[in-house]
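> after the sequence you'll find the predicted model.
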Amino acid sequence: MSERLVQALQEVKIGPAITLGSIVDKTQEESILIVCLIAILPFMQPIPIPGLSTILGFIVLLQGIGLIALDRPLLTKRMRDLTLSPEKFELIYKAAVKFCVFTSKISLFKHTFTKSKFIRIMSGITIVMAASFLALPLPIPFSNFIPAICIFFICTGLLEEDLMLVIFGHGIALTVVWMAVASFHLIQEKLLW
């Protein structure tokens, strides 16, 4: 699957104008996942980026809704017309090639169940939850990284048709929700004490 991403990007490279819309059109059904992966790239490190996280978190949230309801990306006309310079596109292309090498190493449990509507809807719900958390302007270390890594595993699992990666992504999301609920109850207990 990720090899098709590199091939699609190579076709976009040949075209006259490189826009987000042209990337989405060439990558077709994988475009939701690719937009999510591109949007979370800045957060694949522990230092939070408050201003950027709100904008990119919202874009990922839209893609999660698109995965649940439409099975296609939700992009405004302005987002589709966003033009990338050849230099920026070259960086994205090189990152995609490295991504393919990396995902082929971690993707070990291929299963066609990842193509089922149920898995895609559940993944979309988890992406929406993680993107909502990502969009919060929290100045806490790892506050962007944890939802980004959750989205990364879900999108990579769906792209590579690897059920274990998808389950791992959902597991991270459940752990974060559990930790948030436990922290809330702990703070509430201390305040009432």
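Sure, I can see it. Numbers count the residues shown, from 1 in each chain.
> what sits against the most centrally placed residue in the chain?
With distances taken as Cα atoms, centre = their mean, Cys36 lies nearest the centre of the chain, 3.2 Å away. Cys36 makes contact with Val60, Gln63, Gly64, Ile127, Ile151, Cys155, according to Cβ atoms under 8 Å, 6 or more residues apart in numbering. All C-beta spots, glycine's among them, are computed from the backbone N, C-alpha and C.
> cool, Leu174 as well?
Contacts of Leu174 (Cβ under 8 Å, 6+ apart): none.
> which stretch of helix or strand covers it?
Element membership for Leu174, per DSSP states H and E: helix 163-192.
> how far does that helix sit from the chain's center?
Distance of helix 163-192 from the chain centroid (Cα atoms, centre = their mean, to the nearest Å) equals 20 Å.
> could you list the buried residues of it?
Residues Leu163, Met164, Leu165, Val166, Ile167, Phe168, Gly169, His170, Ile172, Ala173, Val176 are the ones in helix 163-192 that count as buried (16 or more other Cβ atoms under 10 Å).
> tell me the helices in this protein, going along the chain?
Ranges of helices in the chain, per DSSP state H, are 2-14, 20-27, 31-40, 50-69, 77-80, 86-106, 117-135, 145-160, 163-192.
> surely Ser123 touches Phe168?
No: Ser123 lies out of contact with Phe168 (Cβ atoms under 8 Å); the separation is 12.0 Å.
> Ser53: what's its closest spatial neighbour, skipping adjacent residues?
Closest residue in space to Ser53, ignoring its immediate chain neighbours: Asn144 at 5.1 Å, by Cβ to Cβ, 6 or more residues apart in numbering.
> these two touch, right, the one you found and Phe43?
Yes: using Cβ under 8 Å, Asn144 is in contact with Phe43, at 4.0 Å.
> pick out whichever of these two has more residues nearby.
More crowded of Asn144 and Phe43, by other Cβ atoms under 10 Å: Asn144, with 29 against 26.
> where's that one relative to Ala180, distance?
15 Å (Cβ to Cβ, to the nearest Å).
> also Ser104?
Shown here: Ser104 relative to Ala180, a distance of 34 Å by Cβ to Cβ.
> repeat that for Ile167.
Separation of Ile167 from Ala180 (Cβ to Cβ): 20 Å.
> before we move on, what about Met129?
Met129 is 11 Å from Ala180, by Cβ to Cβ.
> okay, and the helix or strand of this protein with the least pLDDT?
Ranked by mean pLDDT, DSSP states H and E, the weakest helix or strand in the chain is helix 2-14, scoring a mean of 63.
> which residue sits closest to Pro86, ignoring its sequence neighbours?
Per Cβ to Cβ, 6+ apart, closest to Pro86 is Ile18, 7.0 Å.
> what is the burial count for that neighbour?
By the measure other Cβ under 10 Å, the count of residues near Ile18 is 22.
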